[in-house]
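# coords below, sequence missing:
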């Protein structure tokens, strides 16, 4: 039995759209931070059975979910030439499919667990290529601190992997996750991004400007330049949401509380607070600041519409926390 | 003394950005509807004085405002070879500089009034070229019903004018104006659109896709195709706001009430209500529907955050309502 843990990550330079759907190769590179407080815990073991058994957040998984997991485990069976079936038990300590990157942490934890169970000898960069096939952003959650997922150029995806830019101790940031709704989103990121690529008039320009954003963000991270990081993150966020909203049919992932928080944060930025935000394919707002400003910012944004505030530091990469043979 | 009236107009296909700032030539064509309920009333007369006197909403205008009016009246003095100074008294029955197109109705009323006072013999298409120099969207407010402002191609702007597509009786629409804030906007459209053209990564694509939107909108108006009108209007709106929000520094003209209404309208659209919306450079939402649905839609969107609801029909063009010599 192998038990692993992995944390979700929040992209500073956004990923939206694929260059190859089958191999899950992204149209753009992306850079993220991994969070410490939210986590996915995954147990996997071989079982004497005719099929995989999957428990998801304490309940037996639906048929659709089980097929997704089985397809993913087939990768590991193929590489290790194994016919063994497995039991998987995976639990998130935070809302699932609600724009909090649960698939990133989930598939990162599962990738590390399954590769260990099946005896694959791969480094984290290689594991990121497997994790990618479960969920694109999972490739980044294998790493702590700041990670970049390279889009690569090759058709077979061999140059599409993630790696660490700097670890969780390099630049002390606080990430205040403002949860405005725990509801599952109506349109999955997977389907949404295919429609965006086909129909948004801004999609190609989102892709074209991404290399510039990635270069600026690497610079901001290495130089610990909060202001540059703020500027690039917010522009990348709004560029992505503009692509989403101009998709046909339109993808509006915000709700009115999301926008209320955006309004407050723009006010704080005008007042010269060290703060910026990003929003993913869901209504939650992820607010970045430096430690000494955490409390004051929470006071300012703590309005009625927020369901929960989760304050994170930058987190570690995926880890094995138990291994029994 | 000449007294005129003109109504603001709301663009279905949006105008944002100029191809020539001095001549106020737009980078894109635009199509709008003129509203009946909101209005600007303007009185103008010759005075025996050394300078123009301007009253704006019942008060003596500021120096900055007076200069703007004087510069505009100089056009009429130049064309008519006159040296006469004027007294202007212009009043809006609705919030000014708050995204309700007060400059459109104001300059349309003033253009008609001044051209009459100075004895210019020009048709409305020609007047639209003068009105444009006061405020771009004023060119459309000279016409009732549906109007198109052509961007033209010539450097001197001689092919940049507005004209009517269909009058106010052609297609009976209700326009529910939801006022969420009466505050003046922080950044004027005039300055905002210059920054957008220089800095938004999506600006050129906004411009490139406008011809397609204009063609579809003409078709929708002529065929009275509500669904097509809805689709093109909402996409044009979001394309414009995406350009605004990705401008550096960013232009966020919405507020949380704006977004709350957007959310409700998306819900109504999902429920198959005949409804769509547009938003200009301000936080007000203009909701379009057909007469029989007016009340039900107001009931659904009438939340606490709305300051005022103004229900309009399509309105007439600019008119002379009093003429004394």
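That came in fine, so what should we check first? The structure presented is a predicted model; accordingly, all values stated were derived computationally and were not measured. Numbering: from 1, shown residues only, chains lettered A, B, ... in the order given.

# from the chain's centroid, how far away is stretch A:118-137?
Distance of stretch A:118-137 from its chain centroid, counting by Cα atoms, centre = their mean, to the nearest Å, is 15 Å.

# now the end-to-end length of it.
For stretch A:118-137, the first-to-last residue distance is 23 Å (Cα to Cα, to the nearest Å).

# are we agreed that residue A:265 is in a helix?
Yes. Under DSSP: H, G, I helix; E, B strand; the rest coil, residue A:265 sits within a helix.

# let me know the secondary structure of the nearest residue to it once chain neighbours are set aside.
Once flanking residues are discounted, residue A:265 sits nearest to residue A:277: 5.2 Å by Cβ to Cβ, 6 or more residues apart in numbering or on different chains. Backbone N, C-alpha and C define where each C-beta goes, glycine included. Secondary structure state of residue A:277, per three-state DSSP, is strand.

# give me the low-pLDDT residue ranges for chain A?
A:97-99 (pLDDT under 70).

# Provide a list of residues in contact with the residue of it positioned farthest from its centre.
Farthest-out residue of chain A from its mean C-alpha position, per Cα atoms, centre = their mean: residue A:48, at 33.4 Å. Taking Cβ atoms under 8 Å, 6 or more residues apart in numbering or on different chains, we find residue A:48 in contact with no residue.

# quick check on it: phi, psi?
As for residue A:48, its main-chain torsions (degrees, to the nearest 10) stand at phi -90, psi 90.

# could you check how far it is from chain B?
Distance, residue A:48 to chain B, by Cβ to the nearest Cβ, to the nearest Å: 48 Å.

# and residue A:60, by the same measure?
32 Å.

# identify the residues contacting that residue.
A:53, A:54.

# which strand residues bridge it?
Assessed by DSSP bridges, residue A:60 has beta-bridge partners residue A:55.

# helix, strand, or coil at residue A:175?
Secondary structure for residue A:175, judged by three-state DSSP, is strand.

# correct me, but the residue nearest to residue A:265 touches residue A:264?
No. Using Cβ atoms under 8 Å, residue A:277 is not in contact with residue A:264, being 9.9 Å away.

# of the two, which one has the most company?
Using other Cβ atoms under 10 Å in any protein chain shown as the criterion, residue A:277 and residue A:264 rank with residue A:277 on top: 25 against 21.

# give me the distance between that one and residue B:100.
Plainly put, residue A:277 is 30 Å away from residue B:100 if you go by Cβ to Cβ, to the nearest Å.

# again with residue A:61
Between residue A:61 and residue B:100 the computed distance is 53 Å (Cβ to Cβ).

# of these two, who's got more company?
For the pair residue A:61 and residue B:100, the greater number of neighbours falls to residue B:100 (24 against 20), based on other Cβ under 10 Å.

# would you confirm that the more buried one contacts residue B:8?
Yes. If you go by Cβ under 8 Å, residue B:100 and residue B:8 touch, sitting 6.1 Å apart.

# find residues that contact each of those two.
B:38, B:94.

# phi first, then psi, for residue A:313.
Torsion angles at residue A:313 (phi, psi; degrees, to the nearest 10) stand at phi -100, psi 170.

# these two touch, right, it and residue A:174?
Yes. With contact defined as Cβ under 8 Å, residue A:313 reaches residue A:174; the gap is 6.7 Å.

# chain B contacts on chain A?
By Cβ under 8 Å from any Cβ of the partner chain, the residues of chain A that approach chain B are A:201-202, A:204-206, A:208-209, A:231, A:234-235, A:238-239, A:242, A:245-246, A:248, A:250, A:252, A:254-260, A:262-263, A:266.

# so residue A:88 makes contact with residue A:43?
Yes. Between residue A:88 and residue A:43 there is a contact at 7.1 Å, judged by Cβ under 8 Å.

# quick one, which of the two is more surrounded?
residue A:88 (24 against 21).

# which strand or helix spans the more buried one?
strand A:85-92 (DSSP states H and E).

# and the helix or strand following that strand, what does it pack against?
The helix or strand immediately downstream of strand A:85-92 is helix A:102-117, counting by DSSP H and E. Counting contacts by 3 or more Cβ pairs under 8 Å, 6 or more residues apart in numbering or on different chains; DSSP states H and E, helix A:102-117 is packed against strand A:2-6, strand A:40-47, helix A:63-80, strand A:85-92, helix A:124-134, helix A:138-141, strand A:319-323.

# just say which of the ones you listed is most tucked in.
helix A:138-141 (a mean of 33; mean count of other Cβ atoms under 10 Å in any protein chain shown).

# who are the packing partners of that one?
strand A:9-13, strand A:30-34, helix A:102-117, helix A:124-134, strand A:146-149.

# helices or strands up against the helix or strand harbouring residue A:243?
Following DSSP H and E, one finds residue A:243 within helix A:226-245. Secondary-structure packing of helix A:226-245 (3+ Cβ pairs under 8 Å, 6+ apart): strand A:9-13, helix A:189-199, helix A:203-208, helix A:210-223, strand A:275-279, strand A:285-289, helix B:226-245.

# in the fourth one, what's buried?
Residues of helix A:210-223 classed as buried under the neighbour-count rule (16 or more other Cβ atoms under 10 Å in any protein chain shown) are A:210, A:213, A:214, A:216, A:217, A:218, A:220, A:221.

# check stretch A:181-193 too.
Within stretch A:181-193, the residues scored as buried using 16+ other Cβ under 10 Å are A:181, A:185, A:187, A:189, A:192, A:193.

# relative to chain B, how far out is the first one?
If you measure residue A:181 against chain B using Cβ to the nearest Cβ, the figure is 11 Å.

# helix, strand or coil for that residue?
coil.

# how about it: what's its closest non-neighbour residue?
In space, residue A:181 is closest to residue A:283, 5.0 Å off (Cβ to Cβ, 6+ apart).
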